Each structure stands twice: as structure tokens, then as C-alpha cells.
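Asks: 3D model of this:
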Amino acid sequence: MTLRWKRENIIFDSLYEADVWADSIGNEMYARLYDGYDTPDYKIAYSLAFRLAQMNEFRVFAEMTIDNDRRYKVWVK
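Replies: Down below sits the predicted model:
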């Protein structure tokens with residue numbers, strides 16, 4: 001099964017801003033537009049994972065990768 005990823009390079013200054021953003025991404029994932037989200041901002045990944053974990057339909061996974069830059073991935077199954 002191939003996952004559909006949304007990859008962005010946005011970094012927010014505050015957790016509040018990241019949480020508002022994660023709420024919109026969570027809605028897109030709930031609508032099954034994407035299976036996963038890839039970001040350099042740990043605040044977005046943290047908020048998104050927390051929001052998705054509140055939905056009983058999803059099993060949430062998260063991963064941090066360190067290649068040329070640090071990326072955070074959150075996906076659901």
C-alpha cells in the first residue's frame with residue numbers, strides 16, 4: 001500500500017500557530033486526501049499526532065528522520 005504524503009516546509013514560531021495549522025491538516029487526513037504529513041517543524045508533528053490520536057478510526061504513527069535536514073513524519077492507517 002502506497003501512502004499519499006503531504007510535504008511542506010513551514011515552521012511556526014508558536015505552538016498555538018502550529019496547532020491551528022495541524023487542525024486543518026487533520027481534517028484533510030480525516031477526509032482521506034492524505035495518509036501522512038511530512039514537516040520540518042516538530043510543533044506541527046506534535047499537534048497533528050495528538051489530534052489524530054483522538055480519533056478512534058486511526059492508528060497513528062510518527063517518525064523523525066535525520067538525513068540532510070531533520071524531518072518529522074506523521075501518518076495513519
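
Asks: Phi first, then psi, for Asn9.
Replies: Dihedral pair for Asn9: phi -120, psi 30, per degrees, to the nearest 10.

Asks: Please read off the pLDDT at it from the model.
Replies: If you check Asn9, the pLDDT there is 97.

Asks: Contact partners for it?
Replies: Thr39, Pro40 (CB atoms under 8 Å, 6 or more residues apart in numbering). All C-beta atoms are positioned from the backbone trio N, CA, C, and that covers glycine.

Asks: Any regions of the protein where pLDDT drops low?
Replies: Counting by pLDDT under 70, the chain shows low-confidence ranges at 1.

Asks: Grab the longest helix from it for me.
Replies: helix 15-30 (DSSP state H).

Asks: Strand partners (parallel or antiparallel) of the following helix or strand past it?
Replies: Following helix 15-30 in sequence order, the next helix or strand is strand 36-39 (DSSP states H and E). Its sheet considered, strand 36-39 pairs with strand 5-7 (parallel), strand 70-76 (antiparallel) by DSSP bridges.

Asks: What is the burial count for the closest residue to Tyr34 other than its chain neighbours?
Replies: Nearest non-adjacent residue to Tyr34, counting by CB to CB, 6 or more residues apart in numbering: Lys6, 4.4 Å away. When neighbours are defined as other CB atoms under 10 Å, Lys6 has 14 of them.

Asks: What separation do you get for Lys6 and Glu28?
Replies: 7 Å (CB to CB, to the nearest Å).

Asks: residues shared between the contacts of those two?
Replies: Joint contacts of Lys6 and Glu28 (CB under 8 Å, 6+ apart) are Tyr34.
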